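> Predicted model and sequence below, questions to follow.
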Amino acid sequence: MDVYGLIGNPVGHSLSPPMHEAGYEALGLDATYVTFEPPADEGAAAVEAADRLGVAGLNVTIPFKQDVLDAVDPDPLAERIGAVNTVDFSGETPRGYNTDAVGAVRALDHHGVELSGTAVVVGAGGAGRAVAFGLADEGMSVRIANRTASKAHALADEVPNATGHGLGDFDALLADADVLVNCTSVGMDEDETPVPKAALTPDLAVLDAVYSPIETRLLRDAASVGATTVDGAWMLLYQGVEAFERWTGEDAPVDPMNEALRSGL
Ligand code: ATR
């Protein structure tokens with residue numbers, strides 16, 4: 001049996017085990033997916049241990065996404081992002097990927113959103129970095145807006161075709177934008193939004209990385225002005241789908257994985 005898993009601390013009530021196991025079941029794969037909670041400073045050691053134990057693949061979450069870079073050979077995108085959320089042990093050395101970036105791209109793509117033109121990414125933390133690189137690699141111009149504007153400027157210096165901004169000028173940032181992605185924690189378990197409703201336009205596709213609640217205030221506001229909305233569970237799903245496909249070499253059964261994920265939300 002192939003063993004896959006997630007390392008995080010705290011690893012909490014992760015939705016990844018039911019999502020991945022629904023995928024194994026649908027394809028008849030002899031595999032299981034479990035969670036591990038190593039001490040906070042032992043992410044790289046945990047990856048090395050998993051490699052020796054014959055674990056087939058690991059997802060990596062907070063606080064280990066940067067630390068595990070020391071224990072893997074990162075692919076170019078993960079290296080540029082500076083964070084790994086998926087490790088594949090099938091080769092000679094553990095290979096590290098960042099499927100958060102591709103997850104956002106595939107979530108938008110699944111909803112028919114064209115990834116050309118201009119994207120506004122709100123947030124310059126871990127999620128913001130991944131999404132900014134992911135959308136830039138699709139050829140989009142990226143405007144990064146962050147509460148701490150200096151972090152947005154610093155990230156924009158690394159991302160191709162990007163500019164950095166504070167949170168003060170959403171009217172100008174969004175007026176001609178095509179895609180908006182919230183990568184801050186604003187709206188998580190609270191009825192708040194990082195973007196004033198008045199700045200939203202019907203031409204936007206809005207993805208919120210927050211998935212609890214599934215309909216955030218940002219998505220509610222976006223729907224009310226006629227924008228296309230994509231909830232955070234789609235991004236969570238597609239980062240998992242991308243990891244599943246890297247590990248198994250098979251097309252992931254997206255529908256059962258989506259059902260398992262959503263029934264756990
Ligand atoms: P993650 O890995 O989920 O991206 P993170 O790296 O801690 O988490 O980043 C959190 C992001 O949410 C940051 O962009 C943060 O802005 P700052 O860089 O200014 O801290 C943003 N954020 C968190 N709380 C916020 C709030 N109340 N208003 C605006 N932005 C907020």
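Right, received. Where do you want to start?
> other SSEs contacting the host helix or strand of Leu155?
Leu155 is part of helix 149-158 when elements are defined by DSSP states H and E. Contacts of helix 149-158 with other secondary structure elements, assessed using 3 or more Cβ pairs under 8 Å, 6 or more residues apart in numbering; DSSP states H and E, are made with helix 126-137, strand 141-145, strand 162-165. Any C-beta I mention is one placed from the backbone N, CA and C, and that applies to glycine too.
> okay if I get these as CSV plus mean neighbour count?
Output for those, formatted as CSV (neighbours: other Cβ atoms under 10 Å):
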stretch, mean neighbour count
helix 126-137, 26
strand 141-145, 25
strand 162-165, 20
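> For Gly249, find the nearest of these.
For Gly249, the closest of the helices and strands packed on helix 149-158 is helix 126-137, at 22.2 Å, according to Cβ to Cβ.
> can you tell me the residue of the stretch 151-265 of the chain closest to the ligand?
In the stretch 151-265 of the chain, the residue that lies nearest the ligand is Thr184 (3.4 Å; Cβ to the nearest ligand atom).
> Pull the contacting residues for the residue nearest to that residue when sequence neighbours are not counted.
By the measure of Cβ to Cβ, 6 or more residues apart in numbering, the closest residue to Thr184 outside its immediate chain neighbours is Gly123, 4.0 Å from it. Under the criterion of Cβ atoms under 8 Å, 6 or more residues apart in numbering, the contact partners of Gly123 comprise 145-146, 182-184, 194, 209.
> Quick check: Gly123 vs Ala152, distance?
Summarising the geometry, the distance separating Gly123 from Ala152, computed by Cβ to Cβ, to the nearest Å, is 9 Å.
> Could you dump the helices and strands packed on helix 149-158 into a markdown table and include mean pLDDT and distance to Leu173?
As requested, those are arranged in a markdown table below (pLDDT from 0 to 100; distance: least, Cβ to Cβ, whole Å):
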| stretch | mean pLDDT | distance to Leu173 |
| --- | --- | --- |
| helix 126-137 | 97 | 14 |
| strand 141-145 | 98 | 5 |
| strand 162-165 | 98 | 6 |
